[in-house]
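[1] What would the 3D arrangement of this be:
(4 chains)
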Protein chains: 2
Amino acid sequence: MSDAKNQNTTVEAATRGADAQSRAEIRRAAFLEAAQEVFLEQGFEAASMSEIVRRAGGSLTTLYAQFGDKEGIFLAMLETRMKEVTAALDVELQTHTPVEEGLRRIGEQFAGKLVQPNSLELYRLIVGLAKKFPDLAQTFMKLGPNKVREGLAAYLQDRADAGEIPQSDDFEQLGSLFLDMVRSPLQSRALLSQAVRPCAEDVRVSVERAVSIFLYGLAGKR
Amino acid sequence: MSDAKNQNTTVEAATRGADAQSRAEIRRAAFLEAAQEVFLEQGFEAASMSEIVRRAGGSLTTLYAQFGDKEGIFLAMLETRMKEVTAALDVELQTHTPVEEGLRRIGEQFAGKLVQPNSLELYRLIVGLAKKFPDLAQTFMKLGPNKVREGLAAYLQDRADAGEIPQSDDFEQLGSLFLDMVRSPLQSRALLSQAVRPCAEDVRVSVERAVSIFLYGLAGKR
DNA sequence: AATTTGGTGTAATGCGGATTACATTGCAAG
DNA sequence: CTTGCAATGTAATCCGCATTACACCAAATT
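    Here you go, the predicted model:
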């Protein structure tokens, strides 16, 4: 119902190519930017569609035409942001770096993103909305945690094949374990008290500890 | 402004003693019970004061007289529930059980409470509200996580004094580490997908792993 | 220049709910 | 019995928004 984005004529699309943005695309980007601001600042319920328009320019009518409804623009914003955030991780995860160094880098990347105020805020929102809008939570999981977990599992498999760590039949679970170790100490405090903002040093400590415990544990197994 | 609860006359209060509940106290309990239901079911914003009254009986007017406003009754409900939940833990934490067994029991108690649908739901709510109502989050932390953490730290200190584990200058942090290990794997999934309900077996596995990694790690330290 | 396509601004329309006002009722003490 | 005080039920009062309707513009294609 809301595929306004794809209503370019074939001719038009071919003429301009992918580089120049149509008015619609510019508008869309501005809406998404403003939506992120407003949602993260005020929360889903409190955020007002008019406020988004106020900041993005344009009109309510166009906003609705492009995204359908409030949940629609939130979802679009979520997808956009998740892709931005996981982009860097993808790169990191494709290398063949030795385990210890690799885990450290992945951990830093991951934790670094995680503790950014915007990420914390977004996570807060998703958790709060998960019951009422299960599909938002699904999308978040698919584009966020699951993506990272799969990538890490593949990396661990690669390292196991290289003989650096013992083989396992469930690297996904081991990966989750590692990610949880990195994440929990940083996130649990920050989610509940806006005063506490984990700093770079906190991140380093958390990652370092996770890496050593994880490898120590792996070595102890089988 | 809302101390209607204490407006018994001296005579009346002396006559009845502390066992029989005044009408006001009965009302209050019913309100709190209904409020918990409605808030957990519908979330803070979606919950309606009228719905609470509908289930509890009584009247809107009385509800407002006793709790002031919507945040007020939520806070009262939160305090009540947190005290119920941590009561059992207090007992567990005062024993002098050997570490491994003690950690296992504490872990089970803690995790068991944690994965109850009501607890998960409440946590979801608190996280979602933390930005808009920081005092709710504060109260939650004080009556929940902090309480448990302090108790566990004291227990660990006790065990260290008994020579079972090495001394440390920060048992609070070590305690947090243990609790995070127990909590994360169980909570992270369940918070985002209402389909996933951790079962007793999940709890056991999570606790067992946390205990062994924790003790293994402690032993390894100097 | 004309036409099409989508954009703009503004002003309804509706709904849902927090919060309060009011008139009434029951209980208990003098 | 009656006087007073708190509880009740109901029905306003107010607000704030999501969402839609309407009437008018801008640009690009023909």
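
[2] Now do the same contact list for A:Arg197.
    Counting by CB atoms under 8 Å, 6 or more residues apart in numbering or on different chains, A:Arg197 touches A:Val115, A:Pro117, A:Ala190. Quick note: C-beta positions are derived from backbone N, CA and C, even for glycine.

[3] which residues does the residue nearest to the first one when sequence neighbours are not counted contact?
    Among residues not flanking A:Val115 along the chain, A:Pro198 sits closest, at 4.5 Å (CB to CB, 6 or more residues apart in numbering or on different chains). Residues in contact with A:Pro198 (CB under 8 Å, 6+ apart) are A:Val115, A:Leu186, A:Arg189, A:Ala190.

[4] can you list contacts of the host helix or strand of A:Leu215?
    Using DSSP states H and E, A:Leu215 maps to helix A:200-220. Residues outside helix A:200-220 that contact it (CB under 8 Å, 6+ apart): A:99-100, A:103-104, A:107-108, A:111-112, A:115, A:165-166, A:174, A:177-178, A:181-182, A:185-186, B:213, B:216-217, B:220.

[5] ok so, going back, which of the contacts of A:Arg197 are buried?
    Neighbour counting with 16 or more other CB atoms under 10 Å in any protein chain shown marks A:Val115, A:Ala190 as buried within the contacts of A:Arg197.

[6] So which of the contacts of A:Arg197 is the closest to DNA strand D?
    DNA strand D lies nearest to A:Pro117 out of the contacts of A:Arg197, by CB to the nearest atom of the strand, at 22.5 Å.

[7] Identify the residue spatially nearest to that closest one, adjacent ones excluded.
    Leaving out its chain neighbours, the residue that sits closest to A:Pro117 by CB to CB, 6+ apart is A:Arg197, at 7.1 Å.

[8] How is that neighbour assigned, secondary-structure-wise?
    Judged by DSSP: H, G, I helix; E, B strand; the rest coil, the three-state class of A:Arg197 is coil.

[9] hang on, A:Ile106 packs against A:Leu89?
    Yes - shown here, A:Ile106 and A:Leu89 form a contact pair, counting by CB atoms under 8 Å, at 7.3 Å.

[10] next one: phi and psi at A:Glu164?
    phi -80, psi -30 (degrees, to the nearest 10).

[11] picking up where we left off before, and A:Ile106 and A:Leu89? Which one has more around it.
    Set A:Ile106 next to A:Leu89 and count neighbours by other CB atoms under 10 Å in any protein chain shown: A:Ile106 wins out with 25 against 19.

[12] Now for that one: which residues touch it?
    A:Leu89, A:Glu92, A:Leu93, A:Leu152, A:Tyr155.

[13] at 10 Å what do you get?
    A:89, A:92-93, A:95, A:97, A:148, A:151-152, A:155, A:175, A:178-179, A:182, A:207, A:211 (CB atoms under 10 Å, 6 or more residues apart in numbering or on different chains).

[14] Just the buried positions in stretch A:179-199, please.
    Result for stretch A:179-199 [16+ other CB under 10 Å]: buried residues A:179-192, A:198.

[15] Ok, stretch A:77-85 next?
    Applying 16+ other CB under 10 Å to stretch A:77-85 flags A:Met77, A:Leu78, A:Thr80, A:Arg81, A:Met82, A:Val85 as buried.

[16] Also stretch A:214-222?
    Those would be A:Phe214, A:Leu215, A:Gly217, A:Leu218, for stretch A:214-222 by 16+ other CB under 10 Å.

[17] show me the biggest helix of chain A in terms of residues.
    helix A:70-93 (DSSP state H).

[18] For the closest residue in space to A:Met77 that isn't next to it in sequence, give me its contacts.
    Computed as CB to CB, 6+ apart, the closest residue to A:Met77 that is not its neighbour in sequence is A:Ala35, at 4.6 Å. Neighbour list for A:Ala35: A:47, A:49, A:51-53, A:55-56, A:63, A:67, A:70, A:73-74, A:76-78, A:80-81 [criterion: CB under 10 Å, 6+ apart].

[19] Buried residues, the strand or helix carrying A:Ala35. List them.
    Using DSSP H and E, A:Ala35 maps to helix A:23-42. For helix A:23-42, burial by neighbour count (16+ other CB under 10 Å) applies to A:24, A:27-28, A:30-32, A:34-40.

[20] thinking again about what came up before, list residues touching both of A:Ile106 and A:Leu89?
    With CB under 10 Å, 6+ apart as the test, A:Ile106 and A:Leu89 both reach A:Val148, A:Gly151, A:Leu152.

[21] Quick check: which ranges of chain A have low pLDDT?
    Counting by pLDDT under 70, chain A shows low-confidence ranges at A:1-24, A:221-222.

[22] Grab the nearest non-local neighbour of the residue nearest to the spatial centre of it.
    Note on chain A: the residue nearest the mean C-alpha position is A:Met82, at 3.5 Å, using CA atoms, centre = their mean. In space, and not counting its chain neighbours, A:Met82 is closest to A:Leu143: 3.8 Å by CB to CB, 6+ apart.

[23] gap between the one you found and DNA strand C?
    For A:Leu143, the distance to DNA strand C (CB to the nearest atom of the strand, to the nearest Å) stands at 26 Å.

[24] now swap in A:Ala88 and tell me
    A:Ala88 is 32 Å from DNA strand C, where distance means CB to the nearest atom of the strand.

[25] quick one, what contacts the closest residue to A:Leu89 other than its chain neighbours?
    Nearest non-adjacent residue to A:Leu89, counting by CB to CB, 6+ apart: A:Gln109, 5.5 Å away. A:Gln109 sits next to A:Thr86, A:Ala88, A:Leu89, A:Val91, A:Glu92, A:Leu93, A:Val148, A:Val207 when contact means CB under 10 Å, 6+ apart.
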